[in-house]
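J.: predicted model and sequence below, questions to follow.
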Amino acid sequence: MQEPNPQEGPLQESHKGEGVTGENSMGENPMGFPIENFVVEYCKKIVSYPQVLRVQVRLIEPGIKEVCICANPLDMGRVIGKDGKMVSAIKAFISGVKAKDGFGYKIVVVASENPYVL
């Protein structure tokens with residue numbers, strides 16, 4: 001680990017680009033940790049086919065971003081959860097970022113067009 005430079009202040013670790021399959025970094029919060037990193041890591045823990053999992057964040061209108069979770073069709077129930085509780089938990093966490101970056105987030109869960117892509 002590098003020694004901090006007294007003129008620059010304390011070192012901050014960056015999680016950007018560490019094994020993330022997210023395809024877009026528009027979901028970054030001010031601390032530099034992209035929203036899709038969180039969603040990918042969270043969803044990988046609950047799905048049966050993590051190699052198919054994809055997350056995209058895009059700006060759909062001013063002040064609103066869409067987080068699209070694309071999973072294997074067999075994993076749709078796991079991502080959504082019983083009575084939508086799993087996707088609600090993801091939405092609750094992401095909505096906390098709104099206070100920091102000012103964007104509203106819409107969560108969309110879709111079945112992968114090609115569920116056997118590795």
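T.: Nice, I can see it. Residues are numbered from 1 along each chain as shown.

J.: so Lys65 is in contact with Val57, correct?
T.: Yes: between Lys65 and Val57 there is a contact at 5.6 Å, judged by CB atoms under 8 Å. From N, CA and C alone the C-beta is placed, and that goes for glycine too.

J.: run a quick neighbour tally on Phe93.
T.: 14 (other CB atoms under 10 Å).

J.: tell me which element the nearest residue to it once chain neighbours are set aside is part of?
T.: Of all residues not flanking Phe93 in the chain, Phe38 sits nearest, at 7.0 Å (CB to CB, 6 or more residues apart in numbering). Using DSSP states H and E, Phe38 falls within helix 35-44.

J.: again with Ser88
T.: Element membership of Ser88 [criterion: DSSP H and E] is helix 85-101.

J.: which residues outside that helix are in contact with it?
T.: Contact partners of helix 85-101, identified using CB atoms under 8 Å, 6 or more residues apart in numbering, comprise 28-31, 35, 38-39, 42-43, 46, 67, 69, 78-81, 103-105, 107, 109.

J.: now the helix or strand of the chain with the lowest mean pLDDT: buried residues?
T.: Every helix and strand in the chain was compared by mean pLDDT, DSSP states H and E; the lowest is helix 85-101, with a mean of 86. Within helix 85-101, the residues that count as buried by 16 or more other CB atoms under 10 Å are Met86, Val87, Ile90, Ile94, Val97.
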